[in-house]
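>>> Sequence first, predicted coordinates after that:
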Amino acid sequence: MEIVVASGKGGTGKTFLASNLAILINERLDGVVAADADVEAPDLVLAMGGERRLLRSREIWESMKASIDYKLCNRCLRCVDVCMFDAIRLVDGEPRIIEEFCEGCGACAHVCPANAISFRRTRTGRIYSVETAAGVKTTTGDLEIGGRNSGDLVYLVREEAKEIARGDHVKNIVIDSAPGIGCPVISSLSGADLLIIVVEPTPQSLNGAKRLLKIAESFKMKVTYVVNKFDLNEEFLKAIDSELGLECIGKIPYDSEVPSSYSMMRPIAIHGMDTKAGKALKEVFENLESWVT
């Protein structure tokens, strides 16, 4: 089962929940593979205590960038008009490619009457798999600086995690999604089995969760949610329950031990199950068992 942990906005505690659930599932449900799908800012490995050993690593060259042959170009500027990413701009009367914005979609080449536009393959980023200090095999991606194809890289990260899971005969994969509802999040959700939305008791977080829920509904996947730092605004819990209309599998209180565990790279699921957050995590895991077994 592929379990995606996501949130409609950043800073809700998504990676905290994903990392600790992965550790608990690995220890108590016959193994797990984790995947960090936030390829622009991957930190799942750090949240599980860092890297114990590197398993595999490879570069990904899947991105395409447009290039103009000015010997053929007749300066009709159709490419400038068609580019929806603003990646082709008029400079001194000539169309110029802004590579940082180019998605390699091919629209410019399609409309060019002089066949002056071609494409070259560029580095998308890197995928690597490690065994973390917590003992969880984890696949992560690292998008090239300024890279634009984060959705493609997320897909490849998930495929790598599935390959490791098959080889180890492990049935559960925990995916730590990127925040928000953009392309990498959609790539995380597509084809997954269960979404756990992490929401804080604030209007901004609830609105983000509702947007995320709409996307999940289009994929017809099972959805539940966890409220993190619920005791910061307990009066808001009724609004969350009413507007999401989902089963809640747990509420985690604010606990100063959580940021301390992050700074020391000592996951709560290993070193702090007797804390307030640890006890709540145990309840979340126990409620999640019925969904994954």
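Perfect, I can see it now. Numbers count the residues shown, from 1 in each chain.

>>> how many neighbours does residue 172 have?
Using other CB atoms under 10 Å, residue 172 is surrounded by 22 other residues. All C-beta atoms are positioned from the backbone trio N, CA, C, and that covers glycine.

>>> what residues are up against it?
1, 3, 25, 29, 31-33, 165, 292 (CB atoms under 8 Å, 6 or more residues apart in numbering).

>>> Tell me which residue lies nearest the centroid of this protein.
Computing the C-alpha centroid of the chain and ranking residues by CA atoms, centre = their mean puts residue 177 first, at 2.5 Å.

>>> so who does that one touch?
Residue 177 neighbours (CB under 8 Å, 6+ apart): 4-7, 14, 37-38, 184-185, 188-189.

>>> can you check residue 54 too?
So residue 54 contacts 128-130 (CB under 8 Å, 6+ apart).

>>> Equivalent analysis for residue 68, please.
Contacts of residue 68 (CB under 8 Å, 6+ apart): 79, 95-97, 116-117.

>>> Most neighbours among those, which one?
residue 95 (24 neighbours).

>>> Please settle this for me: is that one part of a strand?
Yes: assessed by DSSP: H, G, I helix; E, B strand; the rest coil, residue 95 belongs to a strand.

>>> I believe residue 113 is in a helix; please confirm or correct that.
No: secondary structure of residue 113 (three-state DSSP): coil, not part of a helix.

>>> ok, it touching residue 75?
No: between residue 113 and residue 75 there is no contact under CB atoms under 8 Å: 11.2 Å.

>>> more crowded one of these two?
Ranked by neighbour count (other CB under 10 Å), residue 113 and residue 75 place residue 75 first, with 12 against 8.

>>> what residues are up against that one?
93-95.

>>> Tell me how far it lies from residue 235.
Applying CB to CB, to the nearest Å, the value for residue 75 to residue 235 is 63 Å.

>>> centre of the chain versus the helix or strand bottoming out on mean pLDDT in the chain, how much separation?
Lowest by mean pLDDT, DSSP states H and E among the helices and strands of the chain is helix 257-264, with a mean of 90. Relative to the centre of its chain, helix 257-264 is centred 22 Å away, using CA atoms, centre = their mean, to the nearest Å.

>>> And for stretch 128-145?
The chain centroid and the centroid of stretch 128-145 are separated by 13 Å under CA atoms, centre = their mean.

>>> got it, and stretch 91-99?
34 Å.

>>> Now the terminal residues of it, how far apart.
14 Å (CA to CA, to the nearest Å).

>>> one step back: between the contacts of residue 177, which sits nearest residue 206?
residue 7 (10.7 Å; CB to CB).

>>> Is there a neighbour count for that closest one? I'd like the number.
Counted with other CB under 10 Å, the neighbours of residue 7 add up to 29.

>>> what's the answer for residue 252, then?
Neighbour tally, residue 252, other CB under 10 Å: 26.

>>> go on, residue 149?
The number of residues packed near residue 149 is 23, by other CB under 10 Å.

>>> wait, residue 192 sits on residue 35?
No: counting by CB under 8 Å, residue 192 sits too far from residue 35 to count as a contact (10.4 Å).

>>> which one of these two has more residues nearby?
With neighbours defined as other CB under 10 Å, residue 192 and residue 35 compare such that residue 35 has more, 30 against 20.

>>> How about the secondary structure of that one?
Relying on three-state DSSP, one would call residue 35 strand.

>>> Now do it, the pLDDT please.
Here, the pLDDT recorded for residue 35 equals 98.

>>> For it, give me its contacts.
Shown in contact with residue 35 (CB under 8 Å, 6+ apart): 44, 138-140, 157-158, 160-161, 173-176.

>>> Can you name the residues bridging to it?
Beta-bridge pairing for residue 35 (DSSP bridges): residue 139, residue 175.
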